[in-house]
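Engineer: sequence first, predicted coordinates after that:
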Amino acid sequence: MASEQCGHCGGWNVELRRQITSSGINQVAWWCTECDTWAVSPPKWLPQRQLMRIDDIPIVRNYSGAMLCIICGKPAELHHWAPQAFAALFGDAWHKWPTAALCPEHHDLWHKIVTPILKGIVNVTPSR
């Protein structure tokens with residue numbers, strides 16, 4: 001149990017849970033077991049390097065394979081044209097901008113070209 005209180009119902013039964021994105025990536029955040037939702041909205045995903053055994057964390061949502069990349073047809077996830085990292089520039093409506101289904105490779109390529117100042121996107125080479 002976490003020391004955090006649920007932002008929705010005010011309950012204290014908050015535990016780590018994970019969801020698997022449509023491209024197969026694990027995301028972990030605090031989940032309220034009283035109201036069955038993420039304790040904070042939008043969820044604050046925890047860095048996986050801080051988690052000891054991700055496979056031991058129960059899955060609450062599994063979207064793997066639900067979306068295919070609009071470029072290559074591989075498993076993808078929804079990509080926001082206005083990145084959350086730039087929410088301060090786009091304002092509270094950053095999530096209302098258009099989206100596209102992109103696989104991790106094409107997602108990274110988009111960031112390398114359009115938002116090269118974001119950390120973690122380096123040495124991306126497009127496939128042919």
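Structural biologist: Received the coordinates, thanks.
Engineer: which residues of the chain fall in helices?
Structural biologist: Along the chain, counting by DSSP state H, helices occupy 87-90, 104-114.
Engineer: now do the buried residues in the longest one.
Structural biologist: Put plainly, it is helix 104-114. For helix 104-114, a neighbour-count test (16 or more other CB atoms under 10 Å) marks 104, 105, 106, 107, 108, 109, 110, 111, 112 as buried. No exception for glycine: its C-beta is placed from N, CA and C like everyone else's.
Engineer: now distance to residue 61 and mean pLDDT too, for the helices of the chain, in TSV please.
Structural biologist: Shown next, in TSV, are the helices of the chain (distance: least, CB to CB, whole Å; pLDDT from 0 to 100):
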stretch	distance to residue 61	mean pLDDT
helix 87-90	23	82
helix 104-114	19	90
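Engineer: dump those into TSV; add distance to residue 27 as well.
Structural biologist: As requested, the helices of the chain are exported to TSV (distance: least, CB to CB, whole Å):
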stretch	distance to residue 27
helix 87-90	18
helix 104-114	13
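Engineer: nearest to residue 80, out of the ones you listed?
Structural biologist: Closest approach to residue 80 among the helices of the chain (CB to CB): helix 87-90, 9.3 Å.
Engineer: distance check, residue 19 against residue 83.
Structural biologist: According to CB to CB, to the nearest Å, residue 19 and residue 83 sit 20 Å apart.
Engineer: surely residue 28 is in contact with residue 21?
Structural biologist: No - the pair residue 28 / residue 21 is not scored as a contact, 11.7 Å apart, by CB atoms under 8 Å.
Engineer: sorry, back to before: nearest to residue 67 among the helices of the chain would be which one?
Structural biologist: Using CB to CB, the helices of the chain put helix 104-114 closest to residue 67, at 11.7 Å.
Engineer: which helices and strands does that closest one pack with?
Structural biologist: Packed against helix 104-114 by the contact rule (3 or more CB pairs under 8 Å, 6 or more residues apart in numbering; DSSP states H and E) you find strand 77-80.
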